[in-house]
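Asker: Sequence and predicted structure below; questions after.
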Amino acid sequence: MAQAFAAGLKSMDYEAVIGLEVHAELLTNSKVFCGCSAKFGAQPNENTCPVCLGMPGALPVLNRRAVEFAIRAGLASRSTVAACSRWARKNYFYPDLPKGYQISQYELPICTGGAIDIDTSAGSKTIRLTRIHMEEDTGKNIHDAHGDSSLVDFNRCGVPLLEIVSEPDIRSSEEAGAYLRKLRTLLQYLEICDGNMEEGSFRCDANVSIRPRGTTPLGTKVEIKNMNSFRNVERAIDHEISRQAAVLRDGGSLVQETRLWDPDREATRSMRSKEFAHDYRYFPEPDLLPLVVSNEWIETVRNALPELPDARRQRFVASYGLPEYDAEVLTARKDVADYFEAAVRAHANAKAVSNWVMGEMLRLIKERHLDAALIIRAWPVLPERLAEMVALVDGGSISGKIAKTVFEAMVKTGKAAPDIVAAQGLTQISDAGEIDAAIDAVLAANPDKVAEYRSGKDKLFGFFVGQVMKATQGKANPQKLNEILKKKLQA
């Protein structure tokens, strides 16, 4: 769909110019300027205090852990970490902002520059970063929940955020989606953000403009908000590009504004005129000293960085002999990659383990709507037990078909594969005499089909295999079944 849209845009002779602003909530235990819990899901206004509610006389105290997480993000994205950065007040009035201003960074952010490398259908591409800065989150407005009134939950006020701003290097919704997925994976590997878009811990605003193809001046920028999934980001960008092109094609002009994405109508609608930086009346935050980060601190964080996604993907190919596709899927989430490696340590058939993780495991996770940010913690099958089941298949104790039944029982009960196999009598039949007898019974019951097969209808072989499997309740060893059946049908 994205490729078809890109082809349509080209025919209109316009080029899209897209920059993304990502807000990532940091996984600290407490908020950025007070000791309130930053945990999601508390009762409304439970995690609040005079500091995050902006009470007179309450003073902020910086959370050191949040700064460390910002340094991690900067180093992992090849940004320059500033030796000195400064806090600023961003002034605006909205019900979810109790102080009337947001503590953020403006002129001197903690990280500048950097880049994220992405893979697209057209090949690899580097998306440059403008900056990464720290700020506090705002509250949450809840509309249509109490008659004609709007409610405000201040629990999120003061939760530490990173705002990650890209350069306008993105040219399509496909590239935007690839960038966001790559960035989320990186933050999850760093263990600084869970990346849950539905809960709002990973949020994206898209700045979209178009210009005549082959020109360099930027067009009028429109900001899009209210996108809570990668799919919605891609759809909103495609729609907005199409809307802007239609306006220009009809002789109209675009205005700099903020628009909301309506996923039900699959359209954007105007929210307000887009603010400029001077509208926020930024000035240095008087209650916080400039943030000084020593070289020693930066190097300590650098030395503690985990293996990052690209390096891990390359290692999976080199060390485990996995195809590029497998390595890409397995390393897209750190917890899934960790699970895979733990299973391989218990049973060294990496490709077989990969097939089970990518196939049955991720399929069941999707079907059961398990929390995407908590895959492994919510998953009842320990990696060592998955390895144990794969070993039963490799050893011929159970067939691949039976293994699927065993695996679902493991997910349901949490029991070990050998116990399930023993309790349900699922051990694979490898005895030649038993398989021979089952084949004879099937051939005797279908003499007409035997005659058709011997007259040249080779496709009937699958019919006989299915009948024998049915007779043995799927327990016959497939390899031995095929060998014996071929001999008998050729006799």
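Answerer: Yes, it's here. Numbering: from 1, shown residues only.

Asker: Low-confidence regions, the stretch 251-400 of the chain specifically.
Answerer: Within the stretch 251-400 of the chain, the stretches with pLDDT under 70 are 274-277, 369-377.

Asker: ok, longest helix in this structure?
Answerer: helix 230-249 (DSSP state H).

Asker: what packs against that one?
Answerer: Counting contacts by 3 or more Cβ pairs under 8 Å, 6 or more residues apart in numbering; DSSP states H and E, helix 230-249 is packed against helix 2-11, strand 14-25, helix 173-189, strand 202-212, strand 222-225, strand 257-262, strand 267-273. In short, each C-beta sits where N, CA and C put it, glycine included.

Asker: following the second one, which helix or strand comes up?
Answerer: Beyond strand 14-25 on the C-terminal side, the first helix or strand identified by DSSP states H and E is helix 64-76.

Asker: So which bits of that next one are buried?
Answerer: 65, 66, 67, 68, 69, 70, 71, 72, 73, 74, 75, 76 (16 or more other Cβ atoms under 10 Å).

Asker: How far does that helix sit from its chain's centre?
Answerer: Mean-position distance between helix 64-76 and its chain equals 20 Å (Cα atoms, centre = their mean, to the nearest Å).

Asker: which helices and strands sit right next to that helix?
Answerer: Short answer (3+ Cβ pairs under 8 Å, 6+ apart): helix 64-76 packs on strand 80-81, strand 111-112, strand 123-136, strand 160-166, helix 173-189, helix 295-303.

Asker: try it again with 7 Å
Answerer: For helix 64-76, the elements it packs on are strand 80-81, strand 123-136, strand 160-166, helix 295-303, judged by 3 or more Cβ pairs under 7 Å, 6 or more residues apart in numbering; DSSP states H and E.

Asker: Sheet partners, orientation included, of the third one?
Answerer: Okay, so that is strand 160-166. strand 14-25 (antiparallel), strand 123-136 (antiparallel) (DSSP bridges).

Asker: so of these, which one's packed in deepest?
Answerer: Stretch with highest mean neighbour count among the strands paired with strand 160-166: strand 14-25 (a mean of 22; mean count of other Cβ atoms under 10 Å).

Asker: report the angle between the axes of that strand and helix 64-76?
Answerer: Relative orientation of strand 14-25 and helix 64-76, computed by axes from the mean of the first three to the mean of the last three Cα atoms, to 10 degrees: 150 degrees.

Asker: Next, count neighbours for residue 384.
Answerer: The local packing of residue 384 (other Cβ atoms under 10 Å) involves 13 other residues.

Asker: picking that back up, average pLDDT for the longest helix of the chain?
Answerer: Regarding helix 230-249, the rounded mean pLDDT is 95.

Asker: from now on call the first residue 779
Answerer: Understood, numbering begins at 779; the last thing we discussed is helix 1008-1027.

Asker: Leaving out sequence neighbours, find the closest residue to residue 1032.
Answerer: For residue 1032, ignoring the flanking residues on the chain, the nearest one in space by Cβ to Cβ, 6 or more residues apart in numbering is residue 998 at 4.0 Å.

Asker: Return the residues in contact with that neighbour.
Answerer: Contacts for residue 998 (Cβ atoms under 7 Å, 6 or more residues apart in numbering) come out as 987, 1032, 1033, 1034.

Asker: For the second one, give its distance to residue 793.
Answerer: Spelled out, that is residue 1032. 15 Å (Cβ to Cβ, to the nearest Å).

Asker: same question, the last one
Answerer: Distance from residue 1034 to residue 793, counting by Cβ to Cβ: 19 Å.

Asker: do the same with residue 1190
Answerer: For residue 1190 relative to residue 793 (Cβ to Cβ), the value is 52 Å.

Asker: for the stretch 1129-1269 of the chain, what spans make up the helices?
Answerer: 1140-1145, 1153-1156, 1161-1172, 1178-1191, 1195-1202, 1210-1223, 1225-1232, 1239-1249, 1256-1268 (DSSP state H, counting those that start in this stretch).

Asker: chain center to the fourth one, what's the gap?
Answerer: Relative to the chain's own centre, helix 1178-1191 is displaced by 27 Å; criterion: Cα atoms, centre = their mean.

Asker: which non-adjacent residue is nearest residue 1093?
Answerer: That would be residue 1085: by Cβ to Cβ, 6+ apart, it lies 7.4 Å from residue 1093.

Asker: ok, back up a step: compare the contacts of residue 998 and tell me which is most surrounded.
Answerer: residue 987 (21 neighbours).

Asker: so where does the closest residue to it other than its chain neighbours fall, helix or strand?
Answerer: Spatial nearest neighbour of residue 987, excluding adjacent residues (Cβ to Cβ, 6+ apart): residue 997 at 3.7 Å. Of the helices and strands defined by DSSP H and E, none includes residue 997.

Asker: re the thing from before, tell me what angle the longest helix of the chain forms with strand 1045-1051.
Answerer: Using the same axes, to 10 degrees: helix 1008-1027 against strand 1045-1051 is 80 degrees.

Asker: Cross-check the contact I'm expecting between residue 1194 and residue 1167.
Answerer: No - in this structure, residue 1194 is not within contact of residue 1167 by Cβ atoms under 7 Å, at 8.3 Å.

Asker: Settle it for me: which of those two has more neighbours?
Answerer: Taking other Cβ under 10 Å, residue 1194 and residue 1167 do not tie; residue 1167 has more neighbours (25 against 17).

Asker: Reformat the buried residues of helix 842-854 as CSV; add distance to residue 938.
Answerer: Output for these, formatted as CSV (distance: Cβ to Cβ, whole Å):
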residue, distance to residue 938
843, 8
844, 4
845, 9
846, 11
847, 7
848, 8
849, 13
850, 13
851, 12
852, 15
853, 18
854, 17
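
Asker: any idea which of those is the one closest to residue 1019?
Answerer: Proximity of the buried residues of helix 842-854 to residue 1019 (Cβ to Cβ) peaks at residue 851, which lies at 29.2 Å.

Asker: still on that earlier bit, please enumerate residues in contact with the longest helix of the chain?
Answerer: Contacts of helix 1008-1027 (Cβ under 7 Å, 6+ apart): 780, 783, 787, 790, 792, 794, 796, 951, 954-955, 958-959, 982, 984, 986, 988, 1000, 1002, 1005, 1032, 1039, 1041, 1044-1046.

Asker: Give me the buried entries from those.
Answerer: The buried subset of the contacts of helix 1008-1027 - by 16+ other Cβ under 10 Å - is 780, 783, 787, 790, 792, 794, 796, 951, 954-955, 958, 982, 984, 986, 988, 1000, 1002, 1005, 1039, 1045-1046.

Asker: what's the average pLDDT for stretch 977-995?
Answerer: 93.

Asker: With just CA atoms, put it into PDB.
Answerer: Taking C-alpha atoms only, stretch 977-995 is exported to PDB below (Å, rounded to 0.1, in the frame of the first residue of the first chain):
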ATOM      1  CA  GLU A 977      -0.200   3.300  26.900                       C
ATOM      2  CA  GLY A 978       1.400   6.500  25.600                       C
ATOM      3  CA  SER A 979       5.000   5.700  26.700                       C
ATOM      4  CA  PHE A 980       6.200   6.000  23.100                       C
ATOM      5  CA  ARG A 981       4.400   8.800  21.200                       C
ATOM      6  CA  CYS A 982       5.000  10.400  17.900                       C
ATOM      7  CA  ASP A 983       4.200  13.700  16.300                       C
ATOM      8  CA  ALA A 984       4.800  14.000  12.500                       C
ATOM      9  CA  ASN A 985       5.800  17.200  10.700                       C
ATOM     10  CA  VAL A 986       4.700  16.800   7.100                       C
ATOM     11  CA  SER A 987       5.200  19.100   4.100                       C
ATOM     12  CA  ILE A 988       5.400  18.700   0.400                       C
ATOM     13  CA  ARG A 989       7.400  20.500  -2.300                       C
ATOM     14  CA  PRO A 990       7.700  20.300  -6.100                       C
ATOM     15  CA  ARG A 991      10.000  17.400  -6.900                       C
ATOM     16  CA  GLY A 992      13.600  18.500  -7.600                       C
ATOM     17  CA  THR A 993      13.400  21.700  -5.500                       C
ATOM     18  CA  THR A 994      15.100  22.400  -2.200                       C
ATOM     19  CA  PRO A 995      13.000  25.000  -0.200                       C
END
